[in-house]
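# Output the structure for:
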Amino acid sequence: MNTLKNPKKTVLFFLFSFMIVLSACEEVIQIDLNNADPKIVIEGIVTDQPGPAIVTIRKTTDYYNPGTYPAVKNAQVTISDDLGYTEQLAETSDGVYQSVNLQGTPGRTYTLEVIAEGKTYSAISYMPLPTKIDSLFYTKNTGGIRPKDKEGYSLTLTFTDTPGIEDFKRLKIYQNGEALDGFTLYNGRLSDGNKIEYDHIRTTFELNDLITIELISIDENTYEYYSTLGNAVATSGGNKIQTKIPANPNSTITGDALGYFGALAVSSDSIRIK
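Okay, here's the model as predicted:
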């Protein structure tokens, strides 16, 4: 469909970073979506790390209200596990809900229920076992003729794919304490039980950089959400003329809401380039 003849509105979709995984940093991602009607956006995580579970609830906005992201207040937000534990989250600021006692445990399944503005939304996520990072190492790049082939250092991490299951991972990368943008994902469909040398980190680092890698084990639904969100960001591209309207990311939330709920197991390691 020619977007010049059929202009579409722009909505701003919020992706809030993993709490402990992302040190409570907030990523704001602006992409063109094929949905102009305001929708509830629910984003929440439970991890096996210290700290509260956090759920944010907001609404998308359209072209005529750029920069306004209405918080959904006074919602009832509950997280429970498959062993019978249930906790209602408290609203700590407009549209932000946090647990007090909940501690994620690998191997358990977690259910999120949100009642907001007279509607009920829910999601289920299984927390996989964490995967240990075996090693981190870097190699020096001598540069090349292309501008992006600048001199610097590339990073590789090694870990062992979990045998007998299909592994799904997200890598979160910090450079000198700042989280890098992007969606670095791993699917172990063809690598069952193998030792992995993962070098698809598309960042060139510099001397004295302190780099921290978080290897985040996720379930398949969360993987599909991030995969399709990454595709939406890529196809949006910031171009004014496009031949294809990017699709909405796959939501893991029932009830016609956008967003995801994920139960995440995290392992991390750091290295300084010397």
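# So in the chain, which strand runs the longest?
strand 258-272 (DSSP state E).
# Any buried residues in that strand, and which?
For strand 258-272, the neighbour count (16 or more other C-beta atoms under 10 Å) marks 258-269, 271 as buried. Just so you know, the C-beta spots here come from the backbone N, C-alpha and C atoms, and that holds for glycine as well.
# Ok, stretch 85-94 next?
Within stretch 85-94, the residues that qualify as buried are 87, 89, 91, counting by 16+ other C-beta under 10 Å.
# average pLDDT for that stretch?
What stretch 85-94 shows for mean pLDDT is 97.
# what about that stretch, start to end distance?
Start-to-end span of stretch 85-94 (C-alpha to C-alpha, to the nearest Å) is 26 Å.
# With stretch 191-199 instead?
End-to-end distance for stretch 191-199: 15 Å, by C-alpha to C-alpha.
# repeat for stretch 214-228
End residues of stretch 214-228 are separated by 21 Å (C-alpha to C-alpha).
# So which residues make contact with that stretch?
Residues from elsewhere that reach stretch 214-228, judged by C-beta atoms under 8 Å, 6 or more residues apart in numbering: 18, 21, 106, 125-131, 133, 157, 159, 166-174, 183, 185, 187, 247-252, 260, 262-268.
# returning to what we had before: in CSV, list the buried residues of strand 258-272 along with pLDDT and distance to residue 141.
Output for the buried residues of strand 258-272, formatted as CSV (pLDDT from 0 to 100; distance: C-beta to C-beta, whole Å):
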residue, pLDDT, distance to residue 141
258, 90, 39
259, 92, 38
260, 94, 35
261, 97, 39
262, 96, 34
263, 98, 37
264, 97, 32
265, 97, 32
266, 97, 29
267, 97, 27
268, 96, 24
269, 97, 21
271, 96, 16
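# mind giving me a markdown table with these and columns for distance to residue 49?
Converted to a markdown table, those look like this (distance: C-beta to C-beta, whole Å):
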| residue | distance to residue 49 |
| --- | --- |
| 258 | 26 |
| 259 | 21 |
| 260 | 18 |
| 261 | 17 |
| 262 | 13 |
| 263 | 12 |
| 264 | 8 |
| 265 | 9 |
| 266 | 5 |
| 267 | 10 |
| 268 | 9 |
| 269 | 14 |
| 271 | 20 |
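# hey, what's the nearest residue to residue 184 once chain neighbours are set aside bridged with?
Spatial nearest neighbour of residue 184, excluding adjacent residues (C-beta to C-beta, 6 or more residues apart in numbering): residue 171 at 4.0 Å. Beta bridges link residue 171 to residue 184, residue 215, judged by DSSP bridges.
# what about residue 171, neighbour count?
Counted with other C-beta atoms under 10 Å, the neighbours of residue 171 add up to 19.
# Give me the distance between it and residue 48.
In this structure, residue 171 and residue 48 are 17 Å apart, going by C-beta to C-beta, to the nearest Å.
# circling back to that earlier point, what's the closest of the buried residues of strand 258-272 to residue 229?
Distance ranking of those against residue 229, using C-beta to C-beta, places residue 260 first at 8.5 Å.
# Just to check, the closest one is in contact with residue 123?
Yes: taking C-beta atoms under 8 Å as the definition, residue 260 is a contact partner of residue 123 at 7.2 Å.
# what do these two both touch?
Common neighbours of residue 260 and residue 123 (C-beta under 8 Å, 6+ apart) are 42, 44, 252-253.
# Low-confidence ranges, this protein, go.
Scanning the chain for pLDDT under 70 picks out 1-37, 62-68, 143-150, 230-248.
# again, only this time at 80
When residues are selected by pLDDT under 80, those of the chain lie in 1-37, 61-69, 142-151, 182-183, 202, 230-249.
# quick one, domains of it?
The chain is divided into the following domains under automatic domain parsing: 12-128+218-266, 133-217.
# and the shortest one, how far from the chain's centre?
It stands for domain 133-217. Domain 133-217 sits 16 Å away from the centroid of its parent chain (C-alpha atoms, centre = their mean, to the nearest Å).
# i'd like the first residue to be 872 from this point on
All set: I'll call the first residue 872, so the last point we hit is now domain 1004-1088.
# If residue 987 is in a bridge, with which residues?
Beta-bridge partners, per DSSP bridges, of residue 987: residue 990.
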